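K.L.:
Mind looking at a prediction? Sequence and model below.
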Amino acid sequence: MQIVTLGSELLRQKAEKIEQIDDEVTALANKMLEIVKTDNGIGLAGPQIGVNRRIFVTHINNDEKRIFINPSIIETSLKTCKYEEGCLSIPGIYSNVIRCESIKIQAWNEKGRPFTLEANGLLARVILHEYDHLEGTLFIDRLPENKRKKLVEKYENLNKAEKT
Ligand code: NI
């Protein structure tokens, strides 16, 4: 399965709610976790593989594999922090991004069971990054415009270099 990259409209849509959590959704979630592992990522959202549905997975070192279906961020801390992010859909581009330090999220797992989770640090960051994908938002959108322009230019140059 190929990862959708920057420039594709598929990354810019609002993902649709998953109406039924069935075997197909479980298989999708497991496939996404495989991709995260293969591509050395720590998270992946449906739109990144062309699936415009509200699902994402995370797998950070030292943390379990996690699946979030139809998630809602129900609490965010006032305290923010800055940390370097990248994205499988924008390979080669990294930047510090300011985000809330801790969050509370409600979602369903692949068995159709609802759960809430409090997260902080890197897990909170990955969850917010992946949640953004469901809204058609990328981490570069959270940067000042001049910084974003520079990074997009850099990305385009990297792609050009790769093609020649
Ligand atoms: Ni991403």
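P.N.:
Sure, I can see it. The structure presented is a predicted model; accordingly, all values stated were derived computationally and were not measured.
K.L.:
how about the top helix by length along the chain: buried residues?
P.N.:
Using DSSP state H, we find that the single longest helix of the chain is helix 145-163. Applying a neighbour-count criterion of 16 or more other CB atoms under 10 Å, one finds 148, 151, 155 buried in helix 145-163. Yep, even glycine has a C-beta here, placed from its N, CA and C like the rest.
K.L.:
how many other residues sit next to Asn96?
P.N.:
Around Asn96 there are 12 other residues, counting by other CB atoms under 10 Å.
K.L.:
Please list all residues in contact with it.
P.N.:
Going by CB atoms under 8 Å, 6 or more residues apart in numbering, Asn96 touches 82-85.
K.L.:
about what we covered before: turn the buried residues of helix 145-163 into a markdown table, including pLDDT and distance to Glu110.
P.N.:
As requested, these are arranged in a markdown table below (pLDDT from 0 to 100; distance: CB to CB, whole Å):
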| residue | pLDDT | distance to Glu110 |
| --- | --- | --- |
| Arg148 | 97 | 34 |
| Leu151 | 98 | 34 |
| Tyr155 | 97 | 33 |
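K.L.:
Kindly reformat the residues you listed as CSV containing distance to Ser8.
P.N.:
Converted to CSV, the buried residues of helix 145-163 look like this (distance: CB to CB, whole Å):
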residue, distance to Ser8
Arg148, 17
Leu151, 17
Tyr155, 13
